[in-house]
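Q: predicted model and sequence follow; I will ask about them next.
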Amino acid sequence: MEASEALNLHRNAIRQVVESHRVHNARVFGSVVHGADTDANDLDILIDLSPDATSSDIGAIMQELLTSPAAAVGSL
């Protein structure tokens, strides 16, 4: 499955994971934005940290996204 397909299928779940931590303004960049993604691409997400965000917040986001059904389907 292409990363863009995984994003379309799991956009709300991804947004929920990101927003449940102290970050905001999540946006996609890379091959998905340019319409050049393939099955071999991952999904690149850029986030802005809130002033009180910690490395634990970033680690939790990564862990939750990598262990979600979206990760298994779309290589997040």
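A: Cool, the structure landed.

Q: which element is the residue nearest the centre of the chain on?
A: In the chain, the residue lying closest to the centroid (CA atoms, centre = their mean) is residue 45, at 4.9 Å. Using DSSP states H and E, residue 45 maps to strand 44-49.

Q: and that strand, which strands flank it?
A: Looking at strand 44-49 with DSSP bridges, its partner strands are strand 23-29 (antiparallel).

Q: mind listing what's buried in the partner strand?
A: Neighbour-count burial for strand 23-29 flags 23, 28 (criterion: 16 or more other CB atoms under 10 Å). For every residue, glycine as well, the C-beta is placed using N, CA and C.

Q: what do you get for stretch 50-57?
A: Neighbour counts over stretch 50-57 (16+ other CB under 10 Å) mark 53, 57 as buried.

Q: show me what the longest helix seen in the chain is packed up against.
A: The single longest helix within the chain, with elements called by DSSP state H, is helix 3-19. Helix 3-19 sits against strand 23-29, strand 44-49, helix 55-66, helix 69-74, with contacts defined as 3 or more CB pairs under 8 Å, 6 or more residues apart in numbering; DSSP states H and E.

Q: these: which one's closest to residue 16?
A: Nearest to residue 16, of all the helices and strands packed on helix 3-19, is helix 55-66, at 9.3 Å by CB to CB.

Q: what angle do the closest one and strand 23-29 make?
A: Here helix 55-66 points in a direction 50 degrees away from that of strand 23-29 (axes from the mean of the first three to the mean of the last three CA atoms, to 10 degrees).

Q: chain center to helix 55-66, what's the gap?
A: In this view, helix 55-66 has its centroid 10 Å away from the chain centroid, taken as CA atoms, centre = their mean, to the nearest Å.

Q: buried set for it?
A: By neighbour count on 16+ other CB under 10 Å, the buried set for helix 55-66 is 57, 61, 64-65.

Q: pick out whichever of those residues sits closest to residue 32.
A: Closest approach to residue 32 among the buried residues of helix 55-66 (CB to CB): residue 65, at 14.5 Å.

Q: residue 9 versus that closest one, what's the distance?
A: Using CB to CB, to the nearest Å, we find residue 65 at a distance of 14 Å from residue 9.
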